[in-house]
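[1] for reference, the sequence and a predicted model appear below.
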Amino acid sequence: MIRFILERMAQLVIIVFVVSTLTFVLMRLAPGDPATILLTAHNVPASEEALTALRKELGLSESLHIQYVNWLRDVFTGHWGTSYVSKESVLTELWNRLPATVELASAGFAVMTLLTLGMGLAASVKSSGWLDRLGRLFALLGSSIPSFWLGFLLIYLFSVRLGWLPSMGREDWTHLVLPALTLGAGLGAVQARVLRAQMLELGDRNFVKAAKARGFSRTHILFFEIFKHAILPIITLLGTNLSFMLAGNVIVETIFSWPGLGKYFIDAITQRDYPVIQGYVIFAAFLIVGVQCLVDVVQAAVDPRLRLR
Amino acid sequence: MISNRKKRSWFICTGVMLLLAVMALSGCSTTNKTADSPSKGENTSTQQATADKKLVMAYTWKPSGVDPHGDNSWDVMRSGAGETLVRLNEKLEPVAWLAKEWKQDSPTVWTFSLQDKVTFHDGKSMDAESVKASLLRSIEKSHLAKDLLDVKSIDVTGRLSLKITTNQPNSALVSNLADPSTIVLDVASMKDEQSYPAMTGAFKIKAFNKDQSLVVERYDEYWGEKARLAEATMKFITDGNSRLLALQSGEVDVATDIPVDNAEVLKKNDKLQVLSAPSLRTHMIVYNMESPVFKDAANRKVVDSLIPRASIVSAIMRGYGTEASSPFPSILFFGKVERKALDGTAEQLLTKDGWQKDAQGTWTKQGKPFEVTLLTFPQRPELSVMAEVIQSQLLKEGIQVKIRKVENIDEALTKNDWDFAMYSMLTAHTGEPQYFMDMFYSSKSEANVSRYGSKPLENLLGSLKLAKDTAQRNAVTLQALDIINTDLPQSFIVHPDNVFGVKKGVEGFTPHPIEYYYITAQSDIAE
């Protein structure tokens, strides 16, 4: 297990190095002078003197390779720079927004997991009943409706028409319902179909027939023989989607004005806030690698054969 | 059997963990309710608070802080917490605010008398010393304040009087003191990181929740008319559709910057109303004066004459705007200018200039077609639609236009591979033309995106700084605009309106051409 963790740590360092270098290069290739953008934020023209002073203040007057060396050194020493806009430490800014993103991702993950397990198991037990047909319809809608559209539909229905739930912001639990549904419903419906297919496929295997022959109950066979094996690919999917929810949850946070990392990232792009963009990408790399490690550990716990590979 | 028991306990453990995770989630939400939304708790704190009126506004921008001398001065001013020495009335004239009166002693020296009995939100009295300290801080912190005021020195000449000396004659000084970057605050309050800036407005800052909201509450010791609202909240909703939906669902009372396409939807809702006011913004075309085609003024004039301004105002702006004939809207006295008519038809002018129509109906000169590249950018979607309308109109007349969409227009304009570009600019943000014209038309300015140079115009800009009074400033500005409209470094298309969605029952919310005063002492809401 120690070797496993050390391997992952080494991977993490390499990924962070590659990601930071790529981000730095791409950011500098992108059009847009942050000094001009900052000064013209209110569309008032900026004087040349003000532009020069601001570029110097932001360290943009240094040559590119010096900017890169400084950036790389800072990444590995935990100094991720200062936001051009807020003048606050990037790491502090990201850290402050993490709870909101974790909260929303957890709620979305819960919706996704409940839908996956509930609809997947129900559809496999009644594989040609109305529940199965409903599940197929949800999966079709889930994979074809973009999350921004689903978000607006939910707001229109539950906030504007019915007035049951708030449409935006992060105050109490009611504010969490619509964004969590938007985030988790589509993915959950699609994953439920994968679980159903897995369950039905495994239902014909010899070990299931052997369990039936030994007289085990239907419930026992379903949960302790079939489901245990069918859940493995679902765990991988859940892990991948959790990474997506934590690191790429940009659209849902924007629609619902949810003050998390994704919305902060979008605002940083608009404002060409280089240190924040670079910091976010590395932060996201950490999150994704971390979640994937967690998925590996969970899979190894569920299926001991994986520990031997 | 032992094996089965193990399996069962493993699943029980998993189930318990899942249950705990769900419970933790709901707990997490509950914790945040108290931590992140102090205003929520206030709703039920006392019976009195429940009776008091609160207004919620969906606000387009997201300030990164509440320092009025930083990049967020506009947001602080709009919350009703900050005040400047001078404010602009609806005619955009400077009127007394924290300064009671002023006089110009010489072209570079001004004396200001301050209002008495003004207190900051921390209870301290405002006097000339504190105003001086605040102005010096604003100049130090804000590039815009430094440029606008151009201060050489500030001297306290009495408890409530101070003298401002500028480096050069600056006849726009009084109007420029209305800019939010010069909000007056108690400088000492900025040293305490635990408190909010102490300003002088009818509201004081109660809570600033980064990325979420700015909450202000009535300041009971306010020196002027007390605020009618007990509290106002600016919720930061950057997405236009989300702002609209928040208004429709009743979560907010006012929504700023409603996209004109959505205004029609709001008009159909009998609980809401759409308010608009002319803005000080101008959507325009900027010509690259170094472009092989547009360095010739005749070609710029032909294109200018073919822009279908009336159709753009009615079809694209849905009537929320006015046709432009100068950089400044006609609500300003010096914006009331006529667009110069073309001397003959476009065809006559081009023929006279050596252009001929080929078999396909395209104008050509020395074998080269009249083909130009028009830049546009996504941040103001209406400009891209205008670009397509203009492209279509010019094509009908035999001029080929290639539209190129760029991510950052300011960056693209520094290069030379464009002929003309869509652009938008706030042109008179203090009701004065000087700052914009110095930046936009001076040959030394980096913001002169057309690379336009005119000695007579620069002489006039020098005279503008020396103008003694408003009448003289207006006269000089009109002369400058005459040169601009003759040389045509830009074609001015439309002055868009600011559009707001407002719940019926909201009172005292008056859209104003100057976009500084949103929440004021007069803001109110029906019970």
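    Everything's here; your move.

[2] going by C-alpha atoms from here, please, whenever you check contacts or count neighbours.
    Fine.

[3] would you map the helices across the stretch 51-200 of chain B?
    Assigned by DSSP state H, counting those that start in this stretch, the helices in the stretch 51-200 of chain B fall at B:73-78, B:128-141, B:143-149, B:173-176.

[4] now the stretch 151-300 of chain A against chain B: closest residue?
    Distance from chain B to each residue of the stretch 151-300 of chain A (CA to the nearest CA) is smallest for residue A:160, at 4.1 Å.

[5] pretty sure that residue sits against residue B:242.
    No: taking contacts as CA atoms under 8 Å, residue A:160 lies outside contact range of residue B:242: 11.3 Å.

[6] picking that back up, count of residues packed around the residue of the stretch 151-300 of chain A closest to chain B?
    The number of residues packed near residue A:160 is 21, by other CA atoms under 10 Å in any protein chain shown.

[7] show me what contacts the closest residue in space to it that isn't next to it in sequence?
    In space, and not counting its chain neighbours, residue A:160 is closest to residue B:249: 4.1 Å by CA to CA, 6 or more residues apart in numbering or on different chains. Residue B:249 sits next to A:159-161, A:163, A:166-167 when contact means CA atoms under 8 Å, 6 or more residues apart in numbering or on different chains.

[8] follow-up on the earlier one: ok but the residue of the stretch 151-300 of chain A closest to chain B is inside a strand, no?
    No: looking at residue A:160 with DSSP: H, G, I helix; E, B strand; the rest coil, it is helix, so not inside a strand.

[9] could you report the pLDDT at it?
    For residue A:160, the pLDDT comes out at 92.

[10] so what's it up against?
    B:245-246, B:248-250.

[11] one more pass at 7 Å, please.
    Listed by CA atoms under 7 Å, 6 or more residues apart in numbering or on different chains, the contact set of residue A:160 reads B:245, B:248-249.

[12] other SSEs contacting the lengthiest helix in chain A?
    Counting by DSSP state H, the longest helix found in chain A is helix A:90-125. With contacts taken as 3 or more CA pairs under 7 Å, 6 or more residues apart in numbering or on different chains; DSSP states H and E, helix A:90-125 sits against helix A:130-144, helix A:174-202, helix A:228-247, helix A:261-270, helix A:274-302.

[13] what sits up against the first one?
    What that stands for is helix A:130-144. Outside helix A:130-144, the residues that reach it (CA under 7 Å, 6+ apart) are A:119, A:122-123, A:126, A:185-187, A:189-190, A:193.

[14] roughly how far apart are whichever residue of chain B sits closest to chain A and residue B:269?
    Chain B approaches chain A most closely through residue B:249 (4.1 Å), counting by CA to the nearest CA. From residue B:249 across to residue B:269, the span is 11 Å (CA to CA, to the nearest Å).

[15] try residue A:192
    Applying CA to CA, the value for residue A:192 to residue B:269 is 41 Å.

[16] between those two, who's got more neighbours?
    Taking neighbours as other CA under 10 Å, residue A:192 and residue B:269 compare with residue A:192 leading, 29 against 12.

[17] which residues touch the more buried one?
    A:115-117, A:119-120.

[18] repeat that for 10 Å
    Residues counted as contacts of residue A:192 (CA atoms under 10 Å, 6 or more residues apart in numbering or on different chains) are A:112-124, A:135-136, A:138-139, A:198, A:234.

[19] which residues are in contact with residue 247?
    Answering for chain A, as no chain was given. Counting by CA under 10 Å, 6+ apart, residue A:247 touches A:101-102, A:105, A:241, A:261-262, A:280-281, A:283-288.

[20] the intended chain is chain B.
    Neighbour list for residue B:247: A:160, A:167, B:56-58, B:241, B:253-255, B:266, B:272, B:501-503 [criterion: CA under 10 Å, 6+ apart].

[21] shaky segments in the stretch 201-309 of chain A?
    Counting by pLDDT under 70, the low-confidence segments of the stretch 201-309 of chain A come to A:248, A:304-309.

[22] hang on, residue B:156 packs against residue B:162?
    Yes: applying CA atoms under 10 Å as the test, residue B:156 and residue B:162 come out as touching, 4.4 Å apart.

[23] neighbours of residue A:76, how many?
    When neighbours are defined as other CA under 10 Å, residue A:76 has 12 of them.

[24] again, but for residue A:225
    Residue A:225 sits with 18 neighbouring residues when counted by other CA under 10 Å.

[25] one more: the one 4 residues further on?
    Number of residues near residue A:229 (other CA under 10 Å) recorded here: 16.

[26] and residue A:210, by the same measure?
    With other CA under 10 Å as criterion, residue A:210 counts 11.

[27] before we move on, back to that, between the contacts of residue B:249, which has the most around it?
    residue A:167 (33 neighbours).

[28] let's verify it: helix, strand, or coil?
    Using three-state DSSP as the criterion, the local structure at residue A:167 reads coil.

[29] who's in contact with it?
    Here residue A:167 is in contact with A:151-152, A:154-156, A:158-160, A:174-179, A:255-257, B:242-243, B:245-251 (CA under 10 Å, 6+ apart).
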